[in-house]
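Enquirer: Could you work out the structure for the sequence below:
(chains A and B)
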Amino acid sequence: GEKVEQHESTLSVREGDSAVINCTYTDTASSYFPWYKQEAGKSLHFVIDIRSNVDRKQSQRLIVLLDKKAKRFSLHITATQPEDSAIYFCAGENTGYQNFYFGKGTSLTVIP
Amino acid sequence: AQTIHQWPVAEIKAVGSPLSLGCTIKGKSSPNLYWYWQATGGTLQQLFYSITVGQVESVVQLNLSASRPKDDQFILSTEKLLLSHSGFYLCAWSQGAGTGQLYFGEGSKLTVL
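Expert: As a prediction, this is how the structure comes out:
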């Protein structure tokens, strides 16, 4: 089945700098890639997604890039703020199945 | 607007005791429903999914079972808890395969002693 690997388990950046989290996937049939944010002790909340028919999507300070050839996608958080500190999960969905496959999460710390 | 409610918020149970966790989705008919388990500080593991009432597919059982008795309700249960069942249980819904994101409930924290 699909496997999603999240490369950074922890990441620290200074406030105002950019943070980049990278994920790779194995199943070429995967076509939808959402990102989720989890604050301490809380559930997951959707932040941004990208579909396989585009290679870039931006929502305010969040940019997600998709490289289908390399089977890689990444989340870029620009002008980071302390409230961006959380665990971020990438995921992939093979639309032929009813499953989302999650990476192991990246704990992002933004240092004021 | 759609809402998803999980219960209980937190539970402390003894090894060997039974468990039932629930999830209700309002404002959306025929959603796909999912149960995920997250060990403390860990990865999300999908346990079950359901695309229609009465049908549940197992992804990883972990000595748990799931049922969908109504269109808007998803239940996770076991008759005998293990220590390894401790963690954070998340219910989620989607509009269907390929339609977009998962919407998560607020989760149920389970501690097994």
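
Enquirer: so what pLDDT did residue 24 get?
Expert: Picking chain A for this. Among the per-residue scores, A:Thr24 holds a pLDDT of 97.

Enquirer: actually chain B
Expert: For B:Thr24, pLDDT reads 96.

Enquirer: For it, give the beta-bridge partners.
Expert: For B:Thr24, the beta-bridge partners are B:His5, B:Gln73 (DSSP bridges).

Enquirer: ok, residue 106 - how many residues close by?
Expert: You didn't pick a chain, so chain A it is. Using other Cβ atoms under 10 Å in any protein chain shown, A:Thr106 has 22 neighbouring residues. Any C-beta I mention is one placed from the backbone N, CA and C, and that applies to glycine too.

Enquirer: other chain: chain B
Expert: For B:Glu106, using other Cβ under 10 Å, the count is 15.

Enquirer: Nearest spatial neighbour of it, chain-adjacent residues omitted?
Expert: Nearest in space to B:Glu106, with sequence neighbours left out and distances taken as Cβ to Cβ, 6 or more residues apart in numbering or on different chains, is A:Ser43 at 4.9 Å.

Enquirer: Quick one: neighbours of that neighbour, just the number.
Expert: A:Ser43 sits with 21 neighbouring residues when counted by other Cβ under 10 Å.

Enquirer: What pLDDT does the model give it?
Expert: 93.

Enquirer: Chain A against chain B: which residues are in contact?
Expert: Residues of chain A lying close to chain B (Cβ under 8 Å from any Cβ of the partner chain) are A:31-32, A:34, A:36, A:42-46, A:49, A:89, A:91, A:93, A:95-105.

Enquirer: Mind checking what helix or strand follows the helix or strand bottoming out on mean pLDDT in chain A in sequence?
Expert: When the helices and strands of chain A are scored by mean pLDDT, DSSP states H and E, strand A:100-102 comes last with a mean of 88. Using DSSP states H and E, the next helix or strand after strand A:100-102 towards the C-terminus is strand A:106-111.

Enquirer: Would you mark the buried spots in that next one?
Expert: The neighbour-count check on strand A:106-111 (16 or more other Cβ atoms under 10 Å in any protein chain shown) flags A:106-108, A:110 as buried.

Enquirer: what pLDDT, on average, does that strand get?
Expert: Per-residue scores along strand A:106-111 average to 97.

Enquirer: So what touches stretch B:47-57?
Expert: A:98-99, B:30, B:32-37, B:58-62, B:64, B:66-71, B:74, B:76, B:96 (Cβ atoms under 8 Å, 6 or more residues apart in numbering or on different chains).

Enquirer: Where does pLDDT dip in chain A?
Expert: Judged by pLDDT under 70, chain A has its weakly predicted residues at A:1, A:95-98.

Enquirer: Please, where are all the strands along it?
Expert: For chain A, the strands defined by DSSP state E cover A:4-6, A:10-14, A:19-25, A:30-38, A:44-51, A:56-59, A:62-67, A:72-77, A:86-94, A:100-102, A:106-111.
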